[in-house]
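In: just to be clear, the model below is a prediction. Sequence and coordinates:
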Amino acid sequence: MSTKTSFNRIALVAVAAMGFGLLSAAPSSAAVNAESLQTVSQTNTYTLGSGTAAAITLQHTFVASAANDSATITMKLTKNVYNSVTSTLNAVLPVQTAPVAGLTNTATVTTTLNAAAGTAASLNTATGASVAFFKATFAPTEAGVYEITFSGASGSGVAPIVWTVTASAPAAPSAAHSTVDMISVQSLAEAGGDTAYLAFAFANNNVDGVVAGNASTSASVAGGTTTTNAGAAVIKVVEANGPAGSNTLTNATNYPVTATITGPGMLSFRNVGPVAKTVTESYCVTQVFYCSNNFSYLTKYIWVYSDGQTGPSTITISAGGNTLATRTLYFYGSIAKISATQNLKVAPINGTLGTAGAHSGTTVATTPAITVAGKDASGNLVGGLTSAGGTWSATSSDTSCISKSIAVIAQNDTADTYGSGFGHYGVQVSGAANAKSGCSATLTIKYTKSDGTTAFTADPVSFTTGGTTIYGAALSVTQDLPAGTKGTVTLTLKDKDGNPVADGDYAALAAVATGTITPSSPVTTAIMGTSGTRTVLSGITTSTFYAPVTPGTLTLSGAVGAAGSAALAGTAIATTTTIIGDGVAQAAADAAAEATDAANAATDAANAAAEAADAATAAAQDAADAVAALSTQVSEMIDALKKQITALTNLVIKIQKKVKA
């Protein structure tokens with residue numbers, strides 16, 4: 001929620017004090033009788049900034065003893081978000097409106113409202129009963145609980161009515177509807193003649209960005225103050241909790257933003273608040289010039305500063321408990337090395353190869369021949385090398401083949417097919433005038449700093465030359481393709497000396513609506529497309545397709561395009577391959593079936609052996625059981641025989657004893 005400036009509060013207190021000072025002057029009459037105050041209807045909630053105020057409708061009645069008797073009701077804010085007791089300080093008086101639609105006063109009764117004083121006077125021009133209606137509306141600017149008390153004059157006997165209004169903040173801003181943009185600092189020149197805060201153009205809007213590591217300037221702010229190191233980048237935040245037309249946040253009901261940077265760098269709000277790793281809005285309290293300088297409170301500006309460190313940083317921006325966005329920046333130091341990546345290889349004789357502009361990576365015309373990456377001592381990509389006062393140059397090992405003249409431009413696109421974006425530089429090279437087709441030379445790229453002496457070179461890359469007119473064209477295709485599998489068609493193009501044509505985009509084939517290469521049997525894709533124009537690298541362009549499901553010979557045929565070769569215009573080209581079909585497949589299937597049968601027979605034999613083994617095991621067990629039983633019987637018979645022998649022996653001994661006797 002937004003805070004109030006001290007000036008606004010002072011003015012508010014003054015208005016409130018004047019209003020309460022008028023209460024004693026309100027008309028009243030001791031002649032009225034039976035005075036009462038009743039609530040007709042009321043709403044007790046309010047959403048800040050919604051436009052629909054809380055409201056209460058009251059009925060004021062009394063009996064006039066004489067014509068022109070009147071009675072006054074006093075309205076007073078008795079509790080607000082600044083204090084919990086009755087106070088005349090920081091009071092915010094409700095706004096009154098009258099008359100009340102649909103409710104009619106007694107014919108002789110009129111009401112007079114004084115919103116500033118907080119009073120409603122009812123006047124009856126005749127003797128007798130008096131009924132009057134009035135309505136109070138309340139739309140506070142701070143969330144919290146408020147109480148407004150309605151009461152009669154002292155001694156009137158009117159029972160006070162306390163109206164409680166709870167004001168709540170609107171929904172917090174969301175990531176889906178808020179915007180967080182990197183912006184150009186120059187666009188921040190303020191009303192009132194303030195100068196831009198930093199002369200640093202920030203090119204990458206809406207997403208992430210890259211900033212110079214040691215950007216330092218002086219900037220004039222309101223009051224004549226001069227600050228140094230005014231920031232390396234600015235992030236613009238616009239809060240919203242719904243789509244356009246449904247955003248319920250207002251300048252008065254915005255949420256404070258918190259920003260945290262992880263990695264190198266420091267932050268502040270609009271270059272006037274504290275500088276720290278984590279900052280939260282509070283500047284409107286002390287920086288009056290910001291709040292009054294035609295900037296919307298829903299729009300915030302976060303300054304990003306260098307702390308002398310290099311590398312990537314992530315800035316997280318949140319409000320109302322919601323993360324609105326994260327933004328990534330790179331702080332980088334001075335250039336310390338460059339490296340070259342070769343994208344194209346065959347330069348046209350007396351012509352340029354590729355582009356030095358930001359490439360799309362779709363054609364040779366939009367691809368740099370070489371992409372150079374600039375890095376600092378810590379390996380961070382370095383920008384600005386085409387505008388920092390340094391110079392680019394190249395050395396050719398054979399200038400009669402490859403020219404040393406180059407064109408260089410910073411890459412600002414986001415595609416990464418060839419290495420691109422911030423810190424990358426596209427290089428366009430040229431074949432020498434009257435060069436011999438097929439000659440070869442190395443090219444070494446060099447960057448010299450603005451001091452004129454400090455230089456960095458990349459590893460050399462090799463180029464050859466070729467003509468730009470097609471004198472030879474040949475098709476080839478993957479051989480012995482199994483039915484339905486993927487194959488590749490290759491178109492090889494030669495110049496008049498039999499060397500690969502220069503890298504380029506050629507109208508190499510005659511355009512055919514159903515495909516520039518016609519198959520003798522149906523395939524799943526249009527081979528080589530339908531336009532006839534092909535990107536050719538090192539004399540070759542390729543296309544893939546899926547082979548027919550029918551076995552046999554597949555013939556692919558086409559014609560050389562007239563725009564690609566005046567010498568071969570319309571010349572037929574063709575190639576063939578064998579589609580391996582059912583015969584081979586059936587033989588493989590038969591072999592597999594035989595192998596399966598053999599495996600099944602082996603399994604049956606194994607099962608039979610297992611069964612025989614089981615039977616032998618059972619017989620052996622039976623024999624073992626019989627032997628065990630016989631052994632038991634023999635043991636029992638032997639024991640019995642032993643007993644009989646013992647008994648017989650004892651008998652013989654007795655007989656002997658008797659005989660001797």
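Out: The structure has been received and is ready for your questions.

In: which stretches of the stretch 301-450 of the chain form strands?
Out: Counting by DSSP state E, counting those that start in this stretch, the stretch 301-450 of the chain has strands at residues 311-319, 322-332, 337-342, 346-348, 352-353, 370-375, 391-396, 407-410, 424-430, 440-448.

In: er, the stretch 101-250 of the chain I mean
Out: Using DSSP E, counting those that start in this stretch, strands in the stretch 101-250 of the chain cover 109-114, 119-124, 128-138, 144-152, 161-168, 179-183, 211-212, 218-220, 226-228, 233-238.

In: switch these over to a markdown table; also include mean neighbour count, distance to Thr248 and mean pLDDT.
Out: Where you see a C-beta, it was placed from the backbone N, CA and C, and this is true even at glycine. What follows is the strands of the stretch 101-250 of the chain, written out as a markdown table (neighbours: other Cβ atoms under 10 Å; distance: least, Cβ to Cβ, whole Å; pLDDT from 0 to 100):
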| stretch | mean neighbour count | distance to Thr248 | mean pLDDT |
| --- | --- | --- | --- |
| strand 109-114 | 18 | 30 | 86 |
| strand 119-124 | 24 | 32 | 88 |
| strand 128-138 | 20 | 18 | 91 |
| strand 144-152 | 18 | 18 | 90 |
| strand 161-168 | 17 | 11 | 93 |
| strand 179-183 | 18 | 17 | 75 |
| strand 211-212 | 22 | 34 | 38 |
| strand 218-220 | 16 | 35 | 30 |
| strand 226-228 | 10 | 36 | 33 |
| strand 233-238 | 22 | 14 | 79 |
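
In: follow-up on the earlier one: which of the strands of the stretch 301-450 of the chain has the lowest mean pLDDT?
Out: Among those, strand 322-332 carries the lowest mean pLDDT, a mean of 82.

In: sheet partners, orientation included, of that strand?
Out: Paired strands of strand 322-332, with direction, are strand 211-212 (parallel), strand 311-319 (antiparallel) (DSSP bridges).

In: just want the angle from the longest one to strand 233-238.
Out: With axes from the mean of the first three to the mean of the last three Cα atoms, to 10 degrees applied, the angle from strand 311-319 to strand 233-238 works out at 20 degrees.

In: what about strand 311-319, distance to the chain center?
Out: Its chain's C-alpha centre and that of strand 311-319 lie 13 Å apart, by Cα atoms, centre = their mean, to the nearest Å.

In: list the buried residues in that strand.
Out: By 16 or more other Cβ atoms under 10 Å, the buried positions in strand 311-319 come out as 311-313, 315, 317-319.

In: which residues in the protein form helices?
Out: Secondary structure of the chain (DSSP state H): helices at 6-21, 283-286, 288-291, 582-660.

In: and the third one, average pLDDT?
Out: Read it as helix 288-291. Mean predicted lDDT for helix 288-291 stands at 39.

In: can I get the buried residues of strand 311-319 in a markdown table with distance to Ala244?
Out: Below are those laid out as a markdown table (distance: Cβ to Cβ, whole Å):
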| residue | distance to Ala244 |
| --- | --- |
| Gly311 | 38 |
| Pro312 | 33 |
| Ser313 | 31 |
| Ile315 | 25 |
| Ile317 | 20 |
| Ser318 | 22 |
| Ala319 | 18 |
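
In: which one of those is nearest Pro368?
Out: Using Cβ to Cβ, Pro312 is the member of the buried residues of strand 311-319 that lies nearest Pro368, at 24.8 Å.

In: partners of the closest one in the sheet?
Out: Beta-bridge pairing of Pro312 under DSSP bridges involves Tyr330.
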